[in-house]
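> Quick one, what's the 3D model for this:
(chains A and B)
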Amino acid sequence: MSPGKVVPLDAIGGLVPDGSSVALGGAWFSNHPMAAVRELVRAGRRDLHVMTVVGSVDVDLLVGAGAVGHLSFSMVTLEAFGLAPNVRRAIESGGLPYTEYTGLGLLIGLEAQGRGVPFLPYRGPFGSDLPALYPDIYATVACPFTGEELTAVRALRPDVAIVHALRADAEGNAQWDGTSAADVDMAKAAGRVIVTCEKVVDRAEIVERAHMTKLPSYYVDAVVEAPFGANPTSHVPAYALDAWQVMEYAQAAGGDGFGAYVDRLRTEPEEEYRDRVLGKGRAEVLEELVSVARVLGGSGA
Amino acid sequence: MTDYEVHELMVCRVAAEVDEEGVTVMGSFTPLAYAAYMLAKLTHAPRAFLAGFDAVGMAPIQLSFTGAEAAAYKGAVCRWNMLTEINSIHLSNHGGVEAVSSAQFDGDGAINLSVIGSFDAPKVRLPGGAGAAEVIKMYRKMIAYFGRHDARTLVAKVDFVTGTRWRIGPEQRRAANLQPGPIVVVTNLAVLVRDDDVRPFRLESVHPGVSPESVVEATGFELEVPGEVPITAVPTDEQLRLLREEIDPLGTVKFDFVTGKDRLAYLAGVLDLEWRRAEESIAGRSR
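Purely as a prediction, here's the structure:
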């Protein structure tokens, strides 16, 4: 196999300079590019402008590690495990400038950039207090045909998008099976694209399941093989949410043990992270949680 | 009649609003809303069309914190992504019933998921509204559910409008290219409904044992109270069986009703059950 665009995980620090704007894929507790996020922490990146649609431990970890200078999001939450402790603390202390997008607005801003237009109109967040805070992002436009008032969202171009796929070939043809969230739209809008994936495969394997390719290689600049690269978030159908690691995270981030948590990550290469977190049969259980997930009888119509 | 808990009554009351017209997008795993949709699908609305995560046209699933996502994909007819979903469901007005919850909610149908206090250095930075800012106005029916009905949550005016129903009465909604339909609020005390631009929320029913006066007292916005206030229907034995044995045997819905220090232990307990089930499945295979 030609090396193509494949680089090791520890090259990511060099691909994302301090001060970059970085869109992180995944949503909710699904499919965040966590191996790449850990690598940004290990590389000691600072002053990143992090963008997320619905972020969780990915964004909170970067904020807690001091890597973030600005945060753009429509939601950041640890769901059952509470509000995101580091994000909350940083914003409440006035220490983290942020842009709160409306969810559809953020996606349509990415769509506009992906299509190469400066803005797109839509039936926007009428009545929301958010647009008035950001006149450089949201504006009102009239339909040129009917005069109907619409919301315009400005095109959004991250310097870099980092997304986590199920598999990719060395050129970056990338496939997803379960949740792909806004990964493809982030990639289409970004200046450069890093795809991390569970496994780098031959082109023939991609061709065999071409209907699953959501991101073709001409968008992609670098490919990184990162097994369990979304852990502790899920990558269905490969493995489920590692709720136990998230709980440990939430307790560390919510208490005074977070410095130690980050210090351990900084000095622990990804292989050692995997040994620690996925050893002793834990990987098998996380995979099995997908198998035992149950559809109920009755009509699925 | 089987004894029920209030979260079960709320699930049943939300389920009653679910019908077979249009599409419901549930996003990530919110136990009470998920339970209500699954109950509807297993009873009166088998053809309710659901999208959870990026799984479109879901079958009913059993709820769990680690398995809901995988289960959603297993029974679904289609896998999209967020942008296709918003363009094809929300913005093209295919939204049927949407259930939301928020830190604050007011009598105009506005939700606050952004901040308590000032925006730049708030007292509490809330998670943000994701798509709620746009979509709660677009659905035919908006359901808002709250596990704790009090005047801090149901307020006269939200501190910050993350999103709002925007137009409420049927004529105003049609004129704005929106599907006409009500706002239904389901809480641990009562059901409130508003479907008119001028008239405030009215008290539709109180749950058994709750007085109309106590609901008015716990509500920060104006409430119209009819002379006779009906009692909310209690869960049937069959609904309780489905919830306890099929939909939510692990008890994910109740988690949101556990408060204080007990919360973490309760969550750890549910996760223990999920872990053990997976371990047993592995052991069963290797036997």
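> Within range of chain B, give me the residues from the stretch 101-250 of chain A.
Proximity of the stretch 101-250 of chain A to chain B (Cβ under 8 Å from any Cβ of the partner chain) is limited to residues A:102-105, A:107-108, A:110-111, A:122-130, A:133, A:148, A:177-185, A:214, A:234, A:236-237, A:240-241, A:243-244, A:247. C-betas here are computed from N, CA, C, even on glycine.
> rerun that using 7 Å as the cut-off
Selection of the stretch 101-250 of chain A residues close to chain B by Cβ under 7 Å from any Cβ of the partner chain yields A:102-104, A:107, A:111, A:122-130, A:133, A:178-182, A:184-185, A:234, A:236-237, A:240-241, A:243-244.
> Among those residues, name the ones in helices.
Judged by DSSP state H, helices contain the following of these: A:103, A:104, A:107, A:111, A:130, A:133, A:184, A:185, A:243, A:244.
> hmm, which two among these are most spread apart?
A:133 and A:244 (38.1 Å; Cβ to Cβ).
> and these two? which has more neighbours close in?
residue A:244 (19 against 15; other Cβ atoms under 10 Å in any protein chain shown).
> Look up the closest residue to that one, ignoring the ones flanking it.
residue B:271 (6.5 Å; Cβ to Cβ, 6 or more residues apart in numbering or on different chains).
> if I pick the closest residue to residue A:100 other than its chain neighbours, what's in contact with it?
Spatial nearest neighbour of residue A:100, excluding adjacent residues (Cβ to Cβ, 6+ apart): residue B:128 at 5.6 Å. Contacts for residue B:128 (Cβ atoms under 7 Å, 6 or more residues apart in numbering or on different chains) come out as A:73, A:74, A:75, A:76, A:100, B:113, B:114.
> A strand includes the third one, no?
Yes - looking at residue A:75 with DSSP: H, G, I helix; E, B strand; the rest coil, it is inside a strand.
> what sits opposite it in the beta ladder?
On the basis of DSSP bridges, residue A:75 is bridged to residue A:54.
> That one is in contact with residue B:132, isn't it?
No - Residue A:75 is beyond contact range of residue B:132, at 8.8 Å (criterion: Cβ atoms under 7 Å).
> and stretch B:251-260, how far apart are its ends?
Chord length of stretch B:251-260, first to last residue, is 17 Å (Cα to Cα, to the nearest Å).
> How far away from the center of its chain is it?
When distances are taken as Cα atoms, centre = their mean, to the nearest Å, stretch B:251-260 is centred 14 Å away from the chain's centroid.
> what sits up against the helix or strand of chain B with the lowest mean pLDDT?
Lowest on mean pLDDT, DSSP states H and E among the helices and strands of chain B sits strand B:23-27, with a mean of 90. Applying Cβ under 7 Å, 6+ apart, the set of residues contacting strand B:23-27 from outside is B:33-34, B:37, B:48-52, B:85, B:89, B:94-98, B:130.
> Among those, give me the pair with the biggest separation.
B:48 and B:130 (21.8 Å).
> which one of these two has more residues nearby?
Legend: neighbour count by other Cβ under 10 Å for residue B:48 and residue B:130, higher for residue B:130 (28 against 24).
> pLDDT value on that one, please?
We have a pLDDT of 96 for residue B:130.
> now do residue B:1
69.
> Which stretches in chain B count as helices?
B:6-17, B:31-42, B:68-74, B:82-85, B:132-135, B:170-175, B:212-217, B:237-241, B:252-255, B:262-286.
> So which of the ones you listed is nearest residue A:189?
Evaluated over those, closeness to residue A:189 peaks at helix B:82-85, with 10.6 Å, by Cβ to Cβ.
> ok, and what's touching that closest one?
A:27, A:53, A:107, A:111, A:181, A:182, A:185, B:25, B:51.
> let's see it at 8 Å
With Cβ atoms under 8 Å, 6 or more residues apart in numbering or on different chains as the test, helix B:82-85 has contacts from A:27, A:53, A:107-108, A:110-111, A:181-182, A:184-185, B:25, B:51, B:54, B:56.
> Contact partners for residue 161?
Just so you know, I chose chain A. A:22, A:23, A:25, A:183, A:186, A:187, A:189, A:190, A:192, A:193, A:194.
> The chain in question should be chain B.
A:127, A:128, A:129, B:110, B:111, B:112.
> Once you drop chain neighbours, what's closest to the third one?
With Cβ to Cβ, 6+ apart as the criterion, residue A:129 has its nearest non-adjacent residue at 4.4 Å, and that residue is residue B:161.
> again with the second one
If you skip the residues right next to it in sequence, residue A:128 has residue B:133 as its closest partner in space, 4.7 Å away by Cβ to Cβ, 6+ apart.
> low pLDDT regions in the stretch 201-301 of chain A?
Scanning the stretch 201-301 of chain A for pLDDT under 70 picks out A:298-301.
> What backbone torsions are found at the closest residue to residue B:19 other than its chain neighbours?
Excluding its sequence neighbours, the residue lying closest to residue B:19 (Cβ to Cβ, 6+ apart) is residue B:45, at 5.6 Å. Backbone torsions for residue B:45, taken as degrees, to the nearest 10, come to phi -130, psi 60.
> same check, this time on residue A:102
The phi and psi values for residue A:102, taken as degrees, to the nearest 10, are phi -80, psi 150.
> That one reaches residue A:74, doesn't it?
Yes - in this structure residue A:102 lies within contact range of residue A:74 using Cβ atoms under 8 Å: 6.2 Å.
> any common contacting residues for these two?
By Cβ under 8 Å, 6+ apart, residue A:102 and residue A:74 have these common neighbours: B:129, B:131, B:133.
> For the second one, what are phi and psi?
For residue B:131, the backbone dihedrals (degrees, to the nearest 10) come out as phi -80, psi 0.
> Ignoring the adjacent residues along the chain, who's closest to it?
residue A:103 (3.5 Å).
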